[in-house]
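In: pasting the structure only:
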């Protein structure tokens, strides 16, 4: 089945919000609906017990679970994608997406999701978010629609045929796609996400369409079968599962990790490599960082690594540019380091280091080999033949890789479905984690950058932060600037970063007559000062993994206007924390900027929501926990298989 998009689902529930509770739980509800929804609520409250604690109710709707728990000593936070569904709710009610929860990690005793999985793209992203917000030992209660039940099969046939002819307030006729699961699929997803199943309850053995045409007979038959415990044909299953503690250390001595990255140029991969190398030390690891040298036009983060107390091993030939002799030297250098260090884990970042590092780890017998795709070079970098060769190489490398990490669901989709370069079973999604302290303090230095460059307080500032390289398409940013300045001549554009296109872009700006309305600031370390005086963040890339610049902008409360490519949608929620437009459309980018400049209240609200979202989703501690768990699970499996 086709997967429901959040906008389509939100629109449907906005339409049916009025009277939703009465139609399903009230005294005037249709008998079958009252039985179905009432029985599910009864089973849920029985499983939760008298004192469930702090409960996060996902897909809360009008809050019937919160009402049912009102007599217990519990606190319920109701979250729903539809603001109309939550309208009039008292207490804690939050509009949000269940796949990007604006909730502090480890803060919930229970996560409940009754009926929600029907409208989600899959179980695993949902379970990962639920695990993140649950405390150790916390409980997850959720329901699925069983793929194998006769009722589900018949409803699916109706939706695919007669249901397409009408529109209405019933899911069967709404056109909103749904997702069904087998119980085995749900159990496997729970185990993979680190949950232990505690209880399973099935309900509703009525069969469509008799539950509507012969209501009394159908309900009486279902009650009789339920009383006998005959639930094999039930359409829905409730799972109660407990969050397991992270795996115990494989051994008491430090786990040795060799981390390699082609070069520590300014950007997300280098920042993550430095953060993991340094901060995993406190969790029982001893890490060595192996890198190459940056290019002549690139910013270098090697001093940042050294100032963090890391002593990187710099290998000749491990830089970005391919060279037969240089690559061979780098491969021998990596093999030499691995023989000397005897690592338990080799974790590679970026394409070239990923290729050479995994081959070296295979040759030297390293037990666990992990590679992170921060983005990919499967398209947008080489011609058709070059891209085909890269895909073939990645398919071969996947065979010797213990685990592949994608930094977003979009990157995983590219790797597994769009380009078919990696088997999906080998890929785990681990979102970026960053130290967002500096951009989070941006408000403390507001006005300093404007004073430095003579920018007036009434002049809106649009900043594009990143390397000036072909994949970022900075030329498109200059086209956008020209279109915006034609209607908003007091706007200022800042291009922050260096790279091979810096000189060509300066020349292009002169050709377009942009003058001092566009400033090229080069590499800067005072990110807080830049973001403090930025009104909008701009990104024009044709390919992205997870854009660090937009995460940092959001942490400073700055909304974004960006191209909808790669992992950008995992950072920018279109219409909520910024605006996304198709790649290659400077006019649409300019119009989005002008719309937000004309509406300061909307811009500020987007910035507020963006900040709250990224501070939770892209937290460095969450990344450390995810990587720690992944390493230990891989080592434990290797030990078991040995």
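Out: Looks like it arrived, so ask away. Remember, predicted model here, so these are calculated numbers, not experimental data.
In: give me phi/psi at residue 354?
Out: phi -70, psi -40 (degrees, to the nearest 10).
In: excluding chain neighbours, what is closest to it?
Out: The spatial neighbour of residue 354 that comes closest, neighbours along the chain excluded (C-beta to C-beta, 6 or more residues apart in numbering), is residue 348 at 4.2 Å. The C-beta positions use only the backbone N, C-alpha and C, and glycine is treated the same way.
In: what about the stretch 151-300 of the chain, any weak spots by pLDDT?
Out: 159, 162-177, 211-212, 228-230, 245-252 (pLDDT under 70).
In: swap the cut-off to 80 and go again
Out: Along the stretch 151-300 of the chain, segments meeting pLDDT under 80 span 151-152, 155-178, 205-219, 221-233, 235, 244-253, 296-299.
In: wait, residue 372 touches residue 401, no?
Out: No. At 10.8 Å, residue 372 does not count as touching residue 401 under the criterion of C-beta atoms under 8 Å.
In: on that earlier part again, three-state assignment of the residue nearest to residue 354?
Out: Per DSSP: H, G, I helix; E, B strand; the rest coil, the local secondary structure of residue 348 is strand.
In: neighbour count: residue 372 and residue 401, which is higher?
Out: Taking neighbours as other C-beta atoms under 10 Å, residue 372 and residue 401 compare with residue 372 leading, 26 against 23.
In: so what pairs up with that one in the strands?
Out: Here residue 372 shows beta-bridge partners residue 349, residue 405, assigned using DSSP bridges.
In: tell me who's in contact with it.
Out: Contact criterion C-beta atoms under 8 Å, 6 or more residues apart in numbering gives 269, 272, 347-349, 354, 404-407, 430 as the residues in contact with residue 372.
In: can you say which of those residues are buried?
Out: Burial by neighbour count, 16 or more other C-beta atoms under 10 Å: within these this picks out 269, 272, 347-349, 354, 404-407, 430.
In: so which of the residues you listed is the closest to residue 295?
Out: Out of these, the one with the shortest distance to residue 295 is residue 269. That distance is 14.7 Å, counting by C-beta to C-beta.
In: need phi/psi at the closest one.
Out: Main-chain torsions, residue 269, degrees, to the nearest 10: phi -60, psi -40.
In: how far away is it from residue 626?
Out: Separation of residue 269 from residue 626 (C-beta to C-beta, to the nearest Å) stands at 16 Å.
In: please apply the same query to residue 369.
Out: 18 Å.
In: those two: which is more packed in?
Out: residue 369 (24 against 20).
In: where does that one land in three-state SS?
Out: Three states are possible here, and by three-state DSSP the one that applies to residue 369 is strand.
In: quick check: it touching residue 346?
Out: Yes. Contact between residue 369 and residue 346 holds when scored by C-beta under 8 Å: they sit 5.3 Å apart.
In: shared neighbours, these two?
Out: Between them, residue 369 and residue 346 have 358, 361 as joint contacts when contacts are counted by C-beta under 8 Å, 6+ apart.
In: look at residue 23 and report its pLDDT.
Out: The predicted structure scores residue 23 at 55 on the pLDDT scale.
In: of the contacts of residue 372, closest to residue 599?
Out: When the contacts of residue 372 are compared for distance to residue 599 (C-beta to C-beta), residue 407 wins out at 31.7 Å.
In: that closest one and residue 272: what is the separation?
Out: 9 Å.
In: again with residue 579
Out: Using C-beta to C-beta, one gets 27 Å for the distance from residue 579 to residue 272.
In: same check, this time on residue 420
Out: Noted for residue 420: a distance of 26 Å to residue 272, by C-beta to C-beta.
In: likewise residue 507?
Out: The gap separating residue 507 from residue 272 is 34 Å, by C-beta to C-beta.
In: check residue 485 too.
Out: To residue 272, residue 485 is 36 Å away according to C-beta to C-beta.
In: burial of residue 328, as a residue count?
Out: Residue crowding around residue 328 was assessed by other C-beta under 10 Å; the count is 12.
In: likewise for residue 74?
Out: For residue 74, the count of nearby residues is 18 (other C-beta under 10 Å).
In: can you read off the pLDDT for it?
Out: Among the per-residue scores, residue 74 shows a pLDDT of 79.
In: okay, buried residues for stretch 36-56 please.
Out: Neighbour counts over stretch 36-56 (16+ other C-beta under 10 Å) mark 36-37, 39-41, 43-45, 47-48, 52-56 as buried.
In: how about residue 215, nearest residue that isn't a chain neighbour?
Out: Per C-beta to C-beta, 6+ apart, closest to residue 215 is residue 31, 5.1 Å.
In: contact partners for the one you found?
Out: Shown in contact with residue 31 (C-beta under 8 Å, 6+ apart): 215-216, 219.
In: so how far is residue 67 from it?
Out: Using C-beta to C-beta, which is the criterion applied here, residue 31 is 21 Å from residue 67.
In: over to residue 106?
Out: Note on residue 106: its distance to residue 67, by C-beta to C-beta, is 27 Å.
In: residue 402 now?
Out: For residue 402, the distance to residue 67 equals 48 Å [C-beta to C-beta].
In: which one of the two is surrounded by more residues?
Out: For residue 402 against residue 67, the residue with the higher neighbour count under other C-beta under 10 Å is residue 402, and the figures read 22 against 14.
In: the more buried one against residue 633, yeah?
Out: No. When contacts are counted by C-beta under 8 Å, residue 402 is not listed as touching residue 633 (10.0 Å).
In: rank the helices and strands of the chain by mean pLDDT and give me the bottom one.
Out: helix 171-174 (a mean of 54; mean pLDDT, DSSP states H and E).
In: let me know the secondary structure of residue 142.
Out: Secondary structure assignment for residue 142 (three-state DSSP): strand.
In: find the nearest non-adjacent residue to it, please.
Out: Closest residue to residue 142 apart from its sequence neighbours, by C-beta to C-beta, 6+ apart: residue 113 at 4.1 Å.
In: need the contact list for the one you found.
Out: Each residue near residue 113 by C-beta under 8 Å, 6+ apart is listed here: 57-59, 98, 126, 130, 140-143.
In: again, but for residue 51
Out: When the contact criterion is C-beta under 8 Å, 6+ apart, the partners of residue 51 are 72-74.
In: which ones among those residues map onto strands?
Out: Among the contacts of residue 51, the subset assigned to strands under DSSP state E is empty.
In: hang on, residue 259 in a helix?
Out: No. Counting by three-state DSSP, residue 259 falls outside a helix, being strand.
In: how about it: which residues does it bridge to?
Out: Counting by DSSP bridges, the residues bridging with residue 259 are residue 289, residue 347.
In: correct me, but it touches residue 274?
Out: No. When contacts are counted by C-beta under 8 Å, residue 259 is not listed as touching residue 274 (9.4 Å).
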